[in-house]
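K.L.:
how would this look folded up:
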Amino acid sequence: MSIFNRLESNVRGYCRSFPTTFTKAQNATLHDEAGNKYIDFLAGAGTLNYGHNNPKLKEKLIEFLERDGMLHGLDMQTDAKAHFLEVFEKLILSPLELDYKVQFTGPTGTNAVEAALKLARKVTGRTNVISFTNGFHGVSLGSVAATGNSHFRDAAGTPLNNVTFMPYYGYMGSNMDTLEYFEAILKDSSSGLDLPAAVIVETVQGEGGVNVASSEWLQQLETLCQEHGILLIIDDIQVGCGRTGNFFSFEKAGIVPDIVTLSKSLSAYGLPMSLVLMKSELDQWKPGEHNGTFRGNNLAFVSATEAIELYWSDYRFAREVLRKGALIQNRLEEIAESVNDVELEVRGTGMIWGLACQECPALPEKISAAAFERGLIIETSGTDSHVLKFLPPLTIEDDQLLQGLNIVADSLEAVFNDENTLKELGLVHAD
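P.N.:
Residues are numbered from 1 along each chain as shown. Here you go, the predicted model:
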């Protein structure tokens, strides 16, 4: 790995947790150059909901390449884009009666967020945006201004303006209605809060620590935005595309956001692709106002279309996600109950789950490292990385899913059986 250490920037991150060189991947299995196999509970940080090298998607991509299909087309019209739009409308938008226009932004999630924020400010003529504690929306300047974590904010190198943070659901404890607080500030002309152009929110904060907002809270937020003429932006970049059991994470709450951002698993194959959905009346862009060279990744259109037709033409796949999610939840609750040394909290929905440890924030990273040694790729999230985050491909087989969960249990046991690690963590081993 000397080539990476010698030439690649210090900014690299994930590879520090998993110090090996990967060579091959299939569904939820990774292989490295030493011949080791790993179960993938990271899935490209939610980019590979349908697994690595999904064979049905790969077949369509190969067909497209072999017929010399249009690969790069800026925002010009192509047959691949037309087919994606037709299928997306038929199988995703129409069944939910969503009247959205589709904007293809630059290929990254953060560019979709940038476009959404720009559009909200353009439409309303206002500049302030409300974001929430522990929210993560990207690391380009507009997006990182709406991101809570100081690790990302401090790297901006310039003041981050025009975003006001409010407490997320549960942030102030179970007895505090955070939207009641937000509403009081909105209605008070002496609160110092400028009327926002938009509110941007994740229904489940993935990078923020797997914090799940209730349906009631989201409904209340939608009503609050409507009463004050504030646009509601749902950032569905990580928890959309089926992660919570529906294609959109907000479906369960029955709300209709003004603007939605999608990326990560949208292409279904790890190919860069992002878009913004906006209510038709909000499509007030002038041609080229939000531009980008790589808006037309036609390979991504091909794989995205095939995934939607394959997995979202009926409700079978969604039911499978919820069934597997229940397996994860039940096993994590067993693991949490088996530990006496510290209190572990199980949190999540669908197939995004977390094992949180507030009293010993360094514990999840120790578990992650021990799991890697035992053949499992799993990362941490949240403040001080205090949450072990479960994000396996939605297509993972049951036996492999349970095997990965058992590795977590074994890794946790190994951490608590290592006296040096316990001393490092400041824990006293329970006899």
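
K.L.:
residues touching Leu221, list them.
P.N.:
Leu221 sits next to Leu179, Val199, Val201, Leu232 when contact means CB atoms under 8 Å, 6 or more residues apart in numbering. Backbone N, C-alpha and C define where each C-beta goes, glycine included.

K.L.:
Would you mark the buried spots in the host helix or strand of it?
P.N.:
For Leu221, the host element (DSSP states H and E) is helix 215-228. Buried residues in helix 215-228, counted by 16 or more other CB atoms under 10 Å: Trp217, Leu218, Gln220, Leu221, Glu222, Leu224, Cys225.

K.L.:
sec struct for the nearest residue in space to the second one that is not next to it in sequence, please.
P.N.:
If the residues on either side of it in the chain are set aside, Leu218 comes closest to Ala253, at 4.1 Å by CB to CB, 6 or more residues apart in numbering. Using DSSP: H, G, I helix; E, B strand; the rest coil, the three-state assignment for Ala253 comes out as coil.

K.L.:
now do the one 3 residues further on
P.N.:
Secondary structure of Val256, reduced to three states by three-state DSSP: coil.

K.L.:
Could you list which residues are in contact with it?
P.N.:
Leu98, Glu222.

K.L.:
any idea how far it lies from Glu222?
P.N.:
8 Å (CB to CB, to the nearest Å).

K.L.:
Which of the contacts of Leu221 fall within helices?
P.N.:
Among these, the ones falling in helices (DSSP state H) are Leu179.

K.L.:
Which ones among the contacts of Leu221 map onto strands?
P.N.:
Residues of the contacts of Leu221 located in strands (DSSP state E): Val199, Val201, Leu232.

K.L.:
So for the nearest residue to the last one once chain neighbours are set aside, what's the pLDDT?
P.N.:
This points to Leu232. Leaving out its chain neighbours, the residue that sits closest to Leu232 by CB to CB, 6+ apart is Cys225, at 4.5 Å. With respect to pLDDT, Cys225 has a value of 98.

K.L.:
just His52 next, same as before
P.N.:
So His52 comes in at 98 (pLDDT).

K.L.:
residues near it, how many?
P.N.:
21 (other CB atoms under 10 Å).

K.L.:
Kindly state the beta-bridge partners for it.
P.N.:
Asn27 (DSSP bridges).

K.L.:
Of the contacts of Leu221, grab the buried ones for ChimeraX.
P.N.:
Restricted to buried positions by 16+ other CB under 10 Å, the ChimeraX selection for the contacts of Leu221 reads:
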select :179,199,201,232
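
K.L.:
between the contacts of Leu221, which is closest to Ile92?
P.N.:
Using CB to CB, Leu232 comes nearest to Ile92 of those, at 19.0 Å.

K.L.:
Wait, the closest one touches Thr203, no?
P.N.:
No: using CB atoms under 8 Å, Leu232 makes no contact with Thr203, being 11.3 Å away.

K.L.:
count of residues packed around the residue nearest to Leu218?
P.N.:
Other residues close to Ala253 by other CB under 10 Å number 20.

K.L.:
Likewise for Gly229?
P.N.:
That count, for Gly229 with other CB under 10 Å as the rule, works out to 11.

K.L.:
one step back: wait, the residue nearest to Leu218 touches Val212, no?
P.N.:
No: between Ala253 and Val212 there is no contact under CB under 8 Å: 11.1 Å.

K.L.:
max-length helix in the protein?
P.N.:
helix 316-337.

K.L.:
Give me the average confidence score over whichever helix or strand comes after that one.
P.N.:
Downstream of helix 316-337, the next assigned helix or strand under DSSP H and E is strand 345-349. Strand 345-349 carries an average pLDDT of 98.

K.L.:
CA atoms of the helix or strand following strand 345-349 as PDB?
P.N.:
Scanning forward in sequence from strand 345-349 by DSSP H and E, the next helix or strand is strand 352-356. C-alpha atoms of strand 352-356 as PDB (Å, rounded to 0.1, in the frame of the first residue of the first chain):
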ATOM      1  CA  ILE A 352     -30.200   1.500   8.500                       C
ATOM      2  CA  TRP A 353     -29.400   0.800  12.100                       C
ATOM      3  CA  GLY A 354     -27.000   2.000  14.800                       C
ATOM      4  CA  LEU A 355     -25.600   0.700  18.000                       C
ATOM      5  CA  ALA A 356     -24.900   3.800  20.100                       C
END
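
K.L.:
angle of strand 352-356 against helix 316-337?
P.N.:
Interaxial angle, strand 352-356 versus helix 316-337 (axes from the mean of the first three to the mean of the last three CA atoms, to 10 degrees): 10 degrees.
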